[in-house]
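# Whatever this is, show me its structure:
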Amino acid sequence: MIERLRGDGPKFSIEFFPPRDTADEAVLWKAIRELEPYDPAYMSITYGAGGSSRDGTVRSIARVATETTLVPMAHLTAVNHSVAELRNVIGWYASVGVRNILALRGDPPGDVYGEWIPHPEGLTYAEELVQLVRELGDFCVGVSAYTYGHPRSSDLESDTKYLVRKLRAGADFAIAQLFHDPEDFLRLRDRVAATGCDVPVLPGVMPLTTMRTLQTTIKLSGAPAPRKVLDRLEPLADDPKAFRAAGIDVTTELCEKLLAEGVPNLHFYTFNRSKATREVIARLGLVPARA
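Numbers count the residues shown, from 1 in each chain. Below you'll find the model as predicted:
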């Protein structure tokens, strides 16, 4: 995967969540097939809170690896897993041809801000999971980053220190959680670079198509949206069509600024739908000629 990011020109990637039932699976695969011709640098499927959706992740990522032309990246969390169980999952990923893993400690089940209690035979830190994946094979490994700092970090300086520790444990890249302003992400990138660490940090982007996606972005980022964004979108809350059009404009403008600053890849959270992501990447000129 990391080799694809080093190619000529900016790239994009896409993220899905695992299906809960057969209806969800049909929606997921419709989106996957619609985005496959756009040749993303890679695609990923999340692991679910507390590892609860592990089976859906494993089954879906195996299908991607064996039935599509996409480059798959599997998420893996340490939540509720012993080291032996983690070894088994990593081995299974390798057996179906998945060579890219996003290694996450994960959130406490039921409460992302709750107390973290490691499995008695498991791991405590994401950097330990990075090291475990590295020990078990020739994987490309990613980690998470937080533009505004992890909820448990006391300040941005300490947050950067722990992020760099994860990167230096053997990670090839980091994906930043959601943010509202390109300058916020660029400051994160610059903080990492200032430590002498040259591992790429990639921005996570969610197209703003509804009030729900705006609220989700605010919640997941851990920071309020800037007034300039709210002033453009909140007056359109009762007009879904106008809100969507303005939201796609806001998302595209954010991405344009990131690309102008040399960001090599935009990581899109799709909500298992393809249309908004396809619109944004078309506006950005990231659609391959054969799509």
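
# Check Gly9 and give its pLDDT.
Gly9 carries a pLDDT value of 86.

# looking at this, it is in a helix?
No: counting by DSSP: H, G, I helix; E, B strand; the rest coil, Gly9 is not part of a helix but coil.

# gap between it and Gly262?
Separation of Gly9 from Gly262 (Cβ to Cβ, to the nearest Å): 11 Å. In this view, the C-beta of every residue, glycine as well, is placed from N, C-alpha and C.

# Where is the longest helix in the protein?
helix 240-260 (DSSP state H).

# Parallel or antiparallel, list what pairs with the next helix-or-strand element following that one.
Using DSSP states H and E, the helix or strand that follows helix 240-260 in sequence is strand 265-269. Sheet partners assigned to strand 265-269 using DSSP bridges are listed as strand 11-16 (parallel), strand 201-205 (parallel).

# pLDDT (mean, whole number) over stretch 218-227?
92.

# where do the helices sit along this structure?
For the chain, the helices defined by DSSP H occupy 2-5, 22-35, 54-67, 83-95, 126-135, 156-168, 182-194, 211-221, 227-233, 240-260, 275-283.

# tell me the most buried of those helices?
A comparison of the helices of the chain by mean neighbour count, using mean count of other Cβ atoms under 10 Å, puts helix 126-135 on top with a mean of 21.

# So which elements touch that one?
If you count contacts as 3 or more Cβ pairs under 8 Å, 6 or more residues apart in numbering; DSSP states H and E, helix 126-135 packs onto strand 72-77, helix 83-95, strand 100-104, strand 140-145, helix 156-168.

# and of the ones you listed, who's closest to Pro120?
Among the helices and strands packed on helix 126-135, the nearest to Pro120 by Cβ to Cβ is helix 83-95 (10.6 Å).

# Make a markdown table from the helices and strands packed on helix 126-135 and add distance to Val287 and mean pLDDT to it.
Output for the helices and strands packed on helix 126-135, formatted as a markdown table (distance: least, Cβ to Cβ, whole Å; pLDDT from 0 to 100):
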| stretch | distance to Val287 | mean pLDDT |
| --- | --- | --- |
| strand 72-77 | 21 | 94 |
| helix 83-95 | 30 | 94 |
| strand 100-104 | 23 | 96 |
| strand 140-145 | 24 | 97 |
| helix 156-168 | 31 | 95 |
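
# And for stretch 57-64, what's in contact with it?
16, 18-19, 25, 28-29, 32, 43, 45-48, 70, 72, 74-75, 89, 92-93, 96, 98 (Cβ atoms under 8 Å, 6 or more residues apart in numbering).

# How far does it sit from its chain's centre?
17 Å (Cα atoms, centre = their mean, to the nearest Å).

# Tell me where the model's unsure across the stretch 51-200 of the chain.
Within the stretch 51-200 of the chain, the stretches with pLDDT under 70 are 51-54, 110-113.

# List the buried residues for stretch 12-25?
The neighbour-count check on stretch 12-25 (16 or more other Cβ atoms under 10 Å) flags Phe12, Ser13, Ile14, Glu15, Phe16, Phe17, Pro18, Pro19, Glu25 as buried.

# measure the closest residue to the last one other than its chain neighbours to Ala31 for me?
Across the structure, with Cβ to Cβ, 6 or more residues apart in numbering as the measure, the residue nearest Glu25 apart from its sequence neighbours is Pro19 (3.9 Å). Distance from Pro19 to Ala31, counting by Cβ to Cβ: 11 Å.
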